[in-house]
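Student: return atomic coordinates for the entry below.
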Amino acid sequence: SSLIAKLANTMCLDALRIAGLTELKKAIILPCATGLSLALCLLSLKSTINKSWVIWLRIDQKSCLKAIALAGLRIKVIEPTRDI
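Tutor: Predicted coordinates:
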């Protein structure tokens with residue numbers, strides 16, 4: 001409901017202000033699944049550090065690959081090893 005969304009946004013803004021971001025005027029919470037959240041983080045990093053490669057430890061989860069591809073980055077797959 002819009003009342004719950006407004007309450008969540010207000011609580012988020014309050015938490016950000018407590019964390020020291022006192023100049024913020026508005027905040028918004030957007031629901032994202034794991035893959036989309038990861039893609040948004042990668043896009044932010046891509047624009048900040050201007051890199052195009054992601055080193056990815058191969059695990060059996062396709063959302064990571066999809067997020068990297070969505071962000072327009074290249075993937076370097078590292079196979080896991082098991083040392084005993």
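Student: now do the helices in this protein.
Tutor: In the chain, helices defined by DSSP state H lie at 2-18, 34-49, 62-70, listed in chain order.
Student: quick one: the second one to helix 62-70, angle?
Tutor: Angular relation of helix 34-49 and helix 62-70 on a 0 to 180 degree scale: 40 degrees, by axes from the mean of the first three to the mean of the last three CA atoms, to 10 degrees.
Student: want to throw the helices of the chain into TSV with mean pLDDT, distance to Val77 and mean neighbour count?
Tutor: For the C-beta atoms, the positions are set from N, CA and C on the backbone; glycine is no exception. Compiled in TSV, the helices of the chain are given as follows (pLDDT from 0 to 100; distance: least, CB to CB, whole Å; neighbours: other CB atoms under 10 Å):
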stretch	mean pLDDT	distance to Val77	mean neighbour count
helix 2-18	92	36	11
helix 34-49	85	16	14
helix 62-70	87	9	16
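Student: quick one: residues contacting the nearest residue to Arg17 once chain neighbours are set aside.
Tutor: For Arg17, ignoring the flanking residues on the chain, the nearest one in space by CB to CB, 6 or more residues apart in numbering is Leu24 at 6.5 Å. Applying CB atoms under 8 Å, 6 or more residues apart in numbering, we find Leu24 in contact with Leu13, Leu16, Arg17.
Student: nearest to Leu65, of those residues?
Tutor: Using CB to CB, Leu16 comes nearest to Leu65 of these, at 31.5 Å.
Student: before we move on, the earlier item: ok, now how distant is the residue nearest to Arg17 from Ala67?
Tutor: Between Leu24 and Ala67 the distance is 27 Å, computed by CB to CB, to the nearest Å.
Student: and the residue nearest to Ser63 when sequence neighbours are not counted, how far is that from Asp83?
Tutor: With CB to CB, 6+ apart as the criterion, Ser63 has its nearest non-adjacent residue at 3.5 Å, and that residue is Gly35. As for Gly35, its distance to Asp83 is 30 Å (criterion: CB to CB).
Student: circling back: any idea how far Leu43 is from the residue nearest to Ser63?
Tutor: Using CB to CB, we find Gly35 at a distance of 13 Å from Leu43.
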